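With the sequence up front, the predicted model follows.
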Amino acid sequence: MKKYLILSALFLTAQVMRAQNQSGKTPYLSKSFSSETINNVVSQTSGGNISVTAVSPAESHVEVFVSQNGNSNKLSDDEIKSKIAEDYDLNVSVSNGTLTASAISKHNITNWKKSLSFSFKIYVPQKVSTQLKTSGGNIDLTGISGDQDFKTSGGNLDLNSISGNIKGKTSGGNISFKNCSNSLDLSTSGGNIVAEKSEGHIHISTSGGFLQLQDLNGDISASTSGGNIEGNAIEGELSAHTSGGNVSLQKLNCSVKASTSGGNIDVSIVHPGKYISLSNSSGHVRLTLPKKTGMDLKLNANKISTENLENFSGTNKTGEISGTVNGGGIPVTVNAGSGKIEVAFD
């Protein structure tokens, strides 16, 4: 029965638009689901891309793109059709509200150049959950809301205007997202992460790339093992850590905890939250604070210099400042180890 459904999906004239061209830009298969109720998407492919885009229910459909790996011995359209039927289970269907778009090899293909790559462009209603997996391609999500779980072994993750419980991972690609909300847990083993105009509970991590944060609001945790961290216009609560890079956080309206083991730290606070905590093993720390806010200062370094320190009460030494500003209030803790601290009040 399964084999019959697969072959029907491949060969029905109404569903097969044109045999794919060798560039992979023409859909091999386009199938409409305008009359179906869809609340979940499951997609799996061994090497191609997966994109899921929100549309009106009447426009729900899937486009399948097929390309041949390698640059020699190009197959004809009929040969590609035959190879798909012989070597792959290609399934594009809806059952019990779940849309499945998958291409799974029937057996182990040891020669990569003789294999095919399947990509899926999936258009579904806004409120859907997803489970997506590709071993090497990119994953793009646009405009959907629900529980999202996706993974790629080497491609990029690109998210735009999605909301819900979002969990994504790539082993080597970059991650970018904007206009996203609710809960995001995103990680990459080596790529960069760019986060823009998003809010909620945000956890992002990379083992080696840089982090760029812009216009975020919520409970935010950002870490990298070696890259730099840059942030601007953050609200809520921010934790930022890098093992060896620099940290630059500007125009903060939040509680902040930031650290690096080897780089420099530059932080500018417009409206502080509940606390400020900065740590550096040996590099330079520069901190700009609002002039009229009550704070409890606890600063330690090899050398500390201050600018416009007024209404202070406590200990002020070369390597230590401990006391209150404007009667005390928000705890400000900075430890630069053998490095230097510069504090300015603006």
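Received, thanks. Worth saying up front: this structure is predicted, and the values here are computed from it rather than measured. Residues are numbered from 1 along each chain as shown.

Report the secondary structure state of Ala58.
Following DSSP: H, G, I helix; E, B strand; the rest coil, the label given to Ala58 is helix.

what about the residue lying closest to it once chain neighbours are set aside, distance to Asn91?
Counting by C-beta to C-beta, 6 or more residues apart in numbering, the nearest residue to Ala58 once its immediate chain neighbours are dropped is Ser34, at 4.9 Å. Yep, even glycine has a C-beta here, placed from its N, CA and C like the rest. As for Ser34, its distance to Asn91 is 19 Å (criterion: C-beta to C-beta, to the nearest Å).

who has more neighbours, the two?
Per other C-beta atoms under 10 Å, whichever of Ser34 and Asn91 has more neighbours is Asn91, with 17 against 11.

Tell me the spacing between the more buried one and Ser223.
38 Å.

what about Ala85, which helix or strand?
Per DSSP states H and E, Ala85 falls inside helix 77-87.

Wait, the residue nearest to Ala58 touches His61, no?
Yes: using C-beta atoms under 8 Å, Ser34 is in contact with His61, at 7.2 Å.

which residues does the residue most central in space within the chain contact?
Nearest to the geometric centre of the chain sits Ile175, at 4.0 Å (C-alpha atoms, centre = their mean). Each residue near Ile175 by C-beta atoms under 8 Å, 6 or more residues apart in numbering is listed here: 156-158, 168, 186-188, 191-194, 204, 206.

Restricted to strands, list the residues you listed.
Among the contacts of Ile175, the members found in strands (DSSP state E) are Leu157, Asp158, Gly168, Leu186, Ser187, Thr188, Ile193, Val194, Ile204, Thr206.

which one of these is nearest Asn326?
Ile204 (34.9 Å; C-beta to C-beta).

so who does Lys303 touch?
Thr318, Gly319, Lys340, Ile341.

For those, which single residue is the most surrounded?
Ile341 (24 neighbours).

Was I right to think Gly327 contacts Asp296?
No: Gly327 is beyond contact range of Asp296, at 9.9 Å (criterion: C-beta under 8 Å).

Which one's more surrounded, these two?
Between Gly327 and Asp296, counted using other C-beta under 10 Å, the more crowded position is Asp296 (17 against 10).

Thought Gly329 was touching that one, still the case?
Yes: assessed by C-beta under 8 Å, Asp296 is found in contact with Gly329 at 6.7 Å.

in the sheet, who's paired with Pro331?
In this entry, Pro331 is beta-bridged to Asp296, by DSSP bridges.

If I look at it, what pLDDT would I see?
According to the prediction, Pro331 has pLDDT 98.

wait, what's in contact with it?
Tyr275, Ile276, Ser277, Met295, Asp296, Lys298.

What separation is there between it and Val247?
19 Å.

can you check Lys31 too?
Distance of Lys31 to Val247, given as C-beta to C-beta: 49 Å.

So for the two, which sits in the more crowded spot?
Val247 (27 against 21).

Specify the beta-bridge partners of the more buried one.
In beta-bridge terms (that is, DSSP bridges), Val247 pairs with Ile229, Ile265.

Spell out the residue ranges of the strands in the stretch 1-150 of the chain.
With DSSP state E, counting those that start in this stretch, the ranges of strands along the stretch 1-150 of the chain come out as 29-32, 40-45, 50-54, 61-68, 88-95, 98-105, 116-124, 129-134, 139-142, 148-152.

Figure out which of those is closest to Asn232.
Ranking the strands of the stretch 1-150 of the chain by their distance to Asn232 (criterion: C-beta to C-beta) puts strand 139-142 first, at 24.5 Å.

packing partners for that closest one?
The elements that strand 139-142 packs onto, with contact taken as 3 or more C-beta pairs under 8 Å, 6 or more residues apart in numbering; DSSP states H and E, are strand 50-54, strand 148-152, strand 157-160.
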